[in-house]
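Undergrad: predicted coordinates and the sequence they were generated for:
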Amino acid sequence: MKSRRIARALLSSSGHCIRSSSTCGKRAWSAPCAPFAQSGGEAWVKYQVDWKLKGPYAMRRNLTGLEGLIALYQDYRSMTDALFDRLKLDKVAIENSKRDWTRYNQQVLERLGLDGVPSAN
């Protein structure tokens with residue numbers, strides 16, 4: 001499986017890894033964690049469900065509807081958390097649920113030793 005080869009390659013690599021993630025969990029569909037879902041309304045949710053749950057992973061697990069979409073993201077988060085924890089790279093996780101993109105960008109620059117470089121904002 002291609003994804004397993006990629007994961008093995010990453011786990012044996014050296015370098016830097018910066019991960020941006022939210023701690024929202026199942027709250028990811030509430031206004032504080034996903035204003036785009038709220039502003040997009042039911043049409044946006046339907047669009048996400050319709051295309052994301054047609055993939056092989058979701059189909060094999062019989063994921064359907066909004067609960068299936070939430071389960072898909074929870075599974076994805078669990079998998080990426082486990083892979084990130086196993087990486088032997090210099091790494092940092094940046095929690096981004098407050099959507100303070102300027103601050104997160106600065107954290108990335110500082111971690112890479114580029115804190116004197118102007119932000120792209």
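TA: Thanks, I have the structure now.
Undergrad: for the host helix or strand of Gln74, name the packing helices and strands.
TA: Secondary structure from DSSP states H and E places Gln74 in helix 65-86. Using 3 or more CB pairs under 8 Å, 6 or more residues apart in numbering; DSSP states H and E, the elements in contact with helix 65-86 are helix 2-11, strand 16-21, helix 35-52, helix 56-60. Bear in mind the C-beta positions are built from the backbone N, C-alpha and C, glycine included.
Undergrad: how about low-confidence regions in the protein?
TA: For the chain, residues meeting the criterion pLDDT under 70 lie at 1-16, 19, 22-40, 117-121.
Undergrad: try it again at 80.
TA: Within the chain, the set of residues satisfying pLDDT under 80 comprises 1-42, 115-121.
Undergrad: ok so, going back, buried sites along the helix holding Gln74?
TA: By 16 or more other CB atoms under 10 Å, the buried positions in helix 65-86 come out as 68-73, 77.
Undergrad: next SSE downstream of it?
TA: strand 90-95.
Undergrad: for whatever helix or strand comes next after that next one, packing partners?
TA: Going down the chain from strand 90-95, the next helix or strand is helix 101-111, by DSSP H and E. On a contact count with 3+ CB pairs under 8 Å, 6+ apart, helix 101-111 meets strand 16-21, strand 90-95.
Undergrad: angle of helix 101-111 against strand 90-95?
TA: Using axes from the mean of the first three to the mean of the last three CA atoms, to 10 degrees, the direction of helix 101-111 lies 170 degrees away from that of strand 90-95.
Undergrad: report the backbone C-alpha coordinates of helix 101-111 in CSV.
TA: In CSV, the C-alpha atoms belonging to helix 101-111 read as follows (Å, rounded to 0.1, in the frame of the first residue of the first chain):
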residue,chain,number,x,y,z
TRP,A,101,-3.0,32.5,11.8
THR,A,102,-0.5,35.4,12.3
ARG,A,103,0.6,33.9,15.6
TYR,A,104,0.9,30.4,14.1
ASN,A,105,2.9,31.6,11.2
GLN,A,106,5.3,33.3,13.7
GLN,A,107,5.6,30.1,15.6
VAL,A,108,6.7,28.3,12.5
LEU,A,109,9.2,30.9,11.6
GLU,A,110,10.7,30.9,15.1
ARG,A,111,10.9,27.1,15.1
